[in-house]
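Novice: My questions concern the predicted model and sequence given below.
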There are 2 protein chains.
Amino acid sequence: MSASSRFAVAVHILALLETNANQALSSSSIAASVNTNPVVIRRILGRLNKAGLVHTEYGADGGTRLARSAHEITLNDIYRATENCRILPLHASSPNQDCRCGRTIQPVLSTIFSNAEAAMQQVLANKSLAEVVREMQAEAKPQACS
Amino acid sequence: MSASSRFAVAVHILALLETNANQALSSSSIAASVNTNPVVIRRILGRLNKAGLVHTEYGADGGTRLARSAHEITLNDIYRATENCRILPLHASSPNQDCRCGRTIQPVLSTIFSNAEAAMQQVLANKSLAEVVREMQAEAKPQACS
DNA sequence: TGAATATGAAACAAGTATAGTTACATTTTA
DNA sequence: TAAAATGTAACTATACTTGTTTCATATTCA
């Protein structure tokens, strides 16, 4: 029932693009930060491209940049670009339609599951990429203690 | 990772137990409504048993009953009993710790993902099994039209 | 007591998704 | 034209879920 790690990697990629906004980054250089294969990065960049979150250029000196300001990208934008499925799936095979319970459970659950997923996405929608980058910079600094 | 339908099936099972509260149900009869194998049902019942949501008895005339009132069982109780993992996973392998972004992304994401998951579970916690059964009964009746 | 009926658990197969890798065609720039 | 980059296909390994068979164990009742 879990999502994939694509979402986490996608946020990582976009945070990296934001902190290096002066240049286009290649999939290889991104892969070095994520610690994985460049093709894995390119697969995720393909989704982010299709969603209009990044802009990629071919060729020598090519690479990827953010397509819009980090203030205008929410984590939910990234989530929807990278994950396919309902996070709370219904039955694998259809319940027995000759049973009253089997007939009625799925429409009821479908509504509830949609509401639950919407609540999760609302939290993501309230967090921008810019905020994430700011929190990462705070994380990098030593904490003041009392 | 493929998604698990255990949660949906577990709600189905418990709704069936509630609507047949006068008798203990065998895994075979439950399986007939869910349209699957009795062993699949017993695996899920094992989790529900461990969580204290149902009570199972061996032997002829055995079977499973709700361990407490349907008003006192929330969908989040069922969710936590049946699903293991974080719903929004972090990176599959640890990012590059020599990169500032690689070092700081995971603690930041971990907090955000926890908040998002908590919002989802809050929706589930606000819905009792009794409400689900009521909605299923409403679903079974023909709708009045205007 | 012994047959019948349950559960619990182990073992296995099939299906599906992810993550990682290699390889190669294509595009762009110098 | 060479170099550097993307996009994509194909393959492997891994992991999880679902479904299935099998069998030991517990309980009830004739």
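Specialist: Received the coordinates, thanks. Note that the structure is a prediction, hence the values are computed from the model and not measured.
Novice: Only C-alpha atoms from now on, for both contacts and neighbour counts.
Specialist: Noted.
Novice: what's the spacing between the residue of chain A most remote from its centre and B:N35?
Specialist: The outermost residue of chain A, judged against the average C-alpha position, is A:D98 (40.6 Å), by CA atoms, centre = their mean. Separation of A:D98 from B:N35 (CA to CA, to the nearest Å) stands at 10 Å.
Novice: which bits of chain A sit near DNA strand C?
Specialist: A:3-6, A:36-40, A:57-62, A:83-84 (CA under 7 Å from any atom of the strand).
Novice: Repeat the analysis, applying 6 Å as the threshold.
Specialist: With CA under 6 Å from any atom of the strand as the criterion, chain A meets DNA strand C at residues A:4-6, A:36-37, A:39-40, A:58-61.
Novice: ok, and which of the residues you listed reach DNA strand D?
Specialist: Near DNA strand D, by the rule CA under 6 Å from any atom of the strand, you find A:39, A:58-61 out of those.
Novice: Which single one of those residues is nearest to chain B?
Specialist: A:V39 (15.1 Å; CA to the nearest CA).
Novice: rewinding a little: take the ones next to DNA strand D among the residues of chain A next to DNA strand C and keep only those in helices.
Specialist: Among these, the members falling in helices (DSSP state H) are A:V39.
Novice: how about the helices in chain A?
Specialist: In chain A, the helices defined using DSSP H lie at A:6-19, A:27-34, A:38-50, A:75-82, A:100-125, A:129-140.
Novice: Just put the ones you listed in TSV and tack on mean neighbour count, distance to chain B and mean pLDDT.
Specialist: Listed next are those as TSV, based on neighbours: other CA atoms under 10 Å in any protein chain shown; distance: least, CA to the nearest CA, whole Å; pLDDT from 0 to 100:
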stretch	mean neighbour count	distance to chain B	mean pLDDT
helix A:6-19	23	5	98
helix A:27-34	20	5	98
helix A:38-50	17	12	98
helix A:75-82	21	10	98
helix A:100-125	19	5	97
helix A:129-140	18	5	96
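Novice: just so I know, which of those helices lies nearest A:L88?
Specialist: helix A:100-125 (6.2 Å; CA to CA).
Novice: count of residues packed around the closest residue to A:G52 other than its chain neighbours?
Specialist: Take A:G52 and drop its neighbours on the chain: the residue closest to it by CA to CA, 6 or more residues apart in numbering or on different chains is A:A67, 6.6 Å away. If you count neighbours by other CA atoms under 10 Å in any protein chain shown, A:A67 ends up with 15.
Novice: quick one: the residue of chain A found nearest DNA strand D from A:T74, how far?
Specialist: Nearest to DNA strand D, among the residues of chain A, is A:S26, at 3.3 Å (CA to the nearest atom of the strand). Between A:S26 and A:T74 the computed distance is 23 Å (CA to CA).
Novice: and stretch A:80-88, how far out from the chain's middle?
Specialist: 9 Å (CA atoms, centre = their mean, to the nearest Å).
Novice: Run through who's touching that stretch.
Specialist: Residues from elsewhere that reach stretch A:80-88, judged by CA atoms under 8 Å, 6 or more residues apart in numbering or on different chains: A:1-4, A:6-7, A:10, A:44, A:47-48, A:50-51, A:113, A:117, B:3-5, B:7-8, B:87.
Novice: Could you tell me which residues of chain A lie near DNA strand D?
Specialist: Contact residues, chain A versus DNA strand D (CA under 6 Å from any atom of the strand): A:26-28, A:39, A:42-43, A:45-46, A:56-63, A:92-93.
Novice: and which of the ones next to DNA strand D among the residues of chain A next to DNA strand C is nearest DNA strand C?
Specialist: For these, the minimum distance to DNA strand C (CA to the nearest atom of the strand) is 3.4 Å, reached by A:G59.
Novice: How about the contacts made by that closest one?
Specialist: If you count contacts by CA under 8 Å, 6+ apart, A:G59 has none.
Novice: For it, give me the pLDDT.
Specialist: With respect to pLDDT, A:G59 scores 89.
Novice: Excluding sequence neighbours, find me the nearest residue to the residue of chain A closest to DNA strand D.
Specialist: If the residues on either side of it in the chain are set aside, A:S26 comes closest to A:G63, at 4.4 Å by CA to CA, 6+ apart.
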